[in-house]
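In: When you get a sec, could you give me coordinates for this:
(2 chains)
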There are 2 protein chains.
Amino acid sequence: MRELEEKILSEGKVLPGEVLKVGSFLNQQLDVTFLMKMGEEIARLFKDSGITKVLTIEASGIAIAVAAAYKLGVSVVFAKKNKSSNVGSDVYATTVFSYTHNIENNVIVSKDYMNSDDVILIVDDFLAKGAALEGLIRLVNQAEAKCAGCAIAIEKGFQGGGDSIRAKGIRVESLAIIDSMDDTSVTFREQN
Amino acid sequence: MRELEEKILSEGKVLPGEVLKVGSFLNQQLDVTFLMKMGEEIARLFKDSGITKVLTIEASGIAIAVAAAYKLGVSVVFAKKNKSSNVGSDVYATTVFSYTHNIENNVIVSKDYMNSDDVILIVDDFLAKGAALEGLIRLVNQAEAKCAGCAIAIEKGFQGGGDSIRAKGIRVESLAIIDSMDDTSVTFREQN
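Out: Model prediction:
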């Protein structure tokens, strides 16, 4: 999505440790008009997939998931991070390692909100090593729902998570894929 | 908002400890079409206030804040919960006690995203004792921005937080105010 690439170039900042700061429009501050444009593009990409629900993970995925679900006309379910390992039998549960915070989170979704009739689109703001996405895919599998694919705003292609999930045959669409970045330049992967 | 009251009555569940569970549409699962209707009502209530930004707090406030900001045509800023008490000089910071998790959170907003030119509408999904809202008001005051008021989906009127903030002269609009609830009935405050 050309507009997202332009926004990353004009407003993003590359910080040490392969961190891309896009706080001005996707994190901390949300440019809601632009968010809805990204939602529209995600809806266009998956319009023929029969999506029944969008699944995301709190907290920063919620905004773009709402935008995509609004344009697809479906509900959002969000997986919660849970410090307690004491999860009930009424939830799907898995663990996801957070490289940002260097901790392992329990991640749960109530069984009330996802089942084998669902066709799930997983949506998140960032994709790096893919740990969160793989956790969400495990939750979809536990529900015996169909995973139609994953839609991401910004993929750090050079961290390999997206390509490793694609290699498993799962559709991953990222609105912008960064193949390399440093403090002077950002290179995007060509997509059609 | 009559439709919200009806949804609380048909889909909400009152649990022990004065907990109202509305996971099917406002928490865990988000009914995005309905969320946008709530956003529209909030925009209608504050349409003459010259709002420049919506401020909320992660995680569950983000969805309704996005809906309200979309209908108002402004951006969202969200305050982050931060376990570290080591906050820099580039943020507004305060502490908020969470009665749900029984811990005190540091809550921060980057100074980049709120300043004295802003007219802020604070938006959140729930209002009970008002601790989160009072924290957000302190952040607005630190920025020397104008607080146009607070817009809430569901206020637990019987916990007093909303009325205590109103008594300070701050406008608080809640789309539904619950004056009492138990496992057999929910009573709403009359609003016009």
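In: Can you tell me, leaving aside adjacent residues, what's nearest to the residue in chain A that chain B sits nearest to?
Out: In chain A, no residue comes nearer to chain B than residue A:59, which is 3.6 Å away by Cβ to the nearest Cβ. Every residue, glycine included, has its C-beta placed from N, CA and C. If the residues on either side of it in the chain are set aside, residue A:59 comes closest to residue B:59, at 3.6 Å by Cβ to Cβ, 6 or more residues apart in numbering or on different chains.
In: My guess is the one you found contacts residue A:58. True?
Out: Yes: under the criterion of Cβ atoms under 8 Å, residue B:59 makes contact with residue A:58 at 4.1 Å.
In: With neighbour numbers in mind, choose between the two.
Out: When residue B:59 and residue A:58 are compared for neighbours, residue B:59 comes out ahead with 21 against 17, by other Cβ atoms under 10 Å in any protein chain shown.
In: For that one, list the residues it contacts.
Out: Residue B:59 sits next to A:58-59, A:62 when contact means Cβ atoms under 8 Å, 6 or more residues apart in numbering or on different chains.
In: got the phi/psi numbers for it?
Out: Comment: the main-chain dihedrals of residue B:59 come out as phi -100, psi -40, following degrees, to the nearest 10.
In: separation between it and residue B:163?
Out: Computed with Cβ to Cβ, to the nearest Å, the distance linking residue B:59 and residue B:163 is 26 Å.
In: which SSE is the residue most central in space within chain A in?
Out: Within chain A, one residue has its C-alpha closest to the average C-alpha position: by Cα atoms, centre = their mean, that is residue A:124, at 1.7 Å. Taking DSSP states H and E as the definition, one finds residue A:124 inside strand A:119-127.
In: Repeat that for residue A:67.
Out: Secondary structure here is read from DSSP H and E; on that basis residue A:67 sits in helix A:61-72.
In: Mind listing what's buried along stretch A:98-115?
Out: Taking 16 or more other Cβ atoms under 10 Å in any protein chain shown as the neighbour-count basis, stretch A:98-115 is seen to contain the buried residues A:105-110, A:113-114.
In: I'd like to check what contacts stretch A:28-41. Which residues are they?
Out: Here stretch A:28-41 makes contact (Cβ under 8 Å, 6+ apart) with A:1, A:3-4, A:7, A:23-26, A:63-64, A:66-71, A:153, A:175, B:62, B:66, B:69-70, B:73-78, B:80, B:109-110, B:112-113.
In: among the buried residues of stretch A:98-115, which are in strands?
Out: A:105-110 (DSSP state E).
In: from the residues you listed, which is closest to residue B:139?
Out: Closest approach between those and residue B:139, by Cβ to Cβ: residue A:105, at 26.4 Å.
In: Is the residue nearest to that closest one when sequence neighbours are not counted bridged to anything, and to what?
Out: Using Cβ to Cβ, 6+ apart and skipping the chain neighbours, the partner closest in space to residue A:105 is residue A:81 (4.3 Å). In this structure, residue A:81 bridges to residue A:107 when assessed by DSSP bridges.
In: that older thread, will you turn the ones in strands among the buried residues of stretch A:98-115 into TSV that also has pLDDT?
Out: Output for these, formatted as TSV (pLDDT from 0 to 100):
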residue	pLDDT
A:105	89
A:106	92
A:107	94
A:108	94
A:109	95
A:110	92
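In: Now distance to residue A:44 too, for these, in CSV please.
Out: Supplementary listing: those in CSV, determined by distance: Cβ to Cβ, whole Å:
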residue, distance to residue A:44
A:105, 32
A:106, 34
A:107, 29
A:108, 31
A:109, 26
A:110, 30
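In: Check those residues and tell me the two furthest apart.
Out: Within those, A:105 and A:110 form the most distant pair, 16.6 Å apart (Cβ to Cβ).
In: For chain A, give me the ranges with low pLDDT.
Out: Counting by pLDDT under 70, chain A contains low-confidence ranges at A:83-87.
In: and it, which of its residues are near chain B?
Out: Taking Cβ under 8 Å from any Cβ of the partner chain as the criterion, chain A approaches chain B at residues A:23-24, A:28-33, A:35-36, A:58-60, A:62-63, A:66-67, A:69-70, A:73-78, A:80, A:109-110, A:112-113.
In: could you dump stretch A:152-167 to CSV, C-alpha only?
Out: Only the C-alpha atoms of stretch A:152-167 are listed here, as CSV (Å, rounded to 0.1, in the frame of the first residue of the first chain):
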residue,chain,number,x,y,z
ILE,A,152,-0.7,-7.0,8.9
ALA,A,153,0.0,-3.3,8.7
ILE,A,154,3.8,-3.3,8.8
GLU,A,155,5.9,-6.4,8.4
LYS,A,156,9.6,-6.4,9.2
GLY,A,157,10.5,-8.8,6.4
PHE,A,158,14.1,-9.0,7.5
GLN,A,159,13.1,-10.7,10.7
GLY,A,160,11.6,-13.6,8.8
GLY,A,161,8.4,-14.3,10.7
GLY,A,162,6.1,-13.6,7.8
ASP,A,163,7.9,-15.7,5.3
SER,A,164,8.1,-18.6,7.8
ILE,A,165,4.3,-18.5,8.2
ARG,A,166,3.8,-18.2,4.4
ALA,A,167,6.1,-21.3,4.0
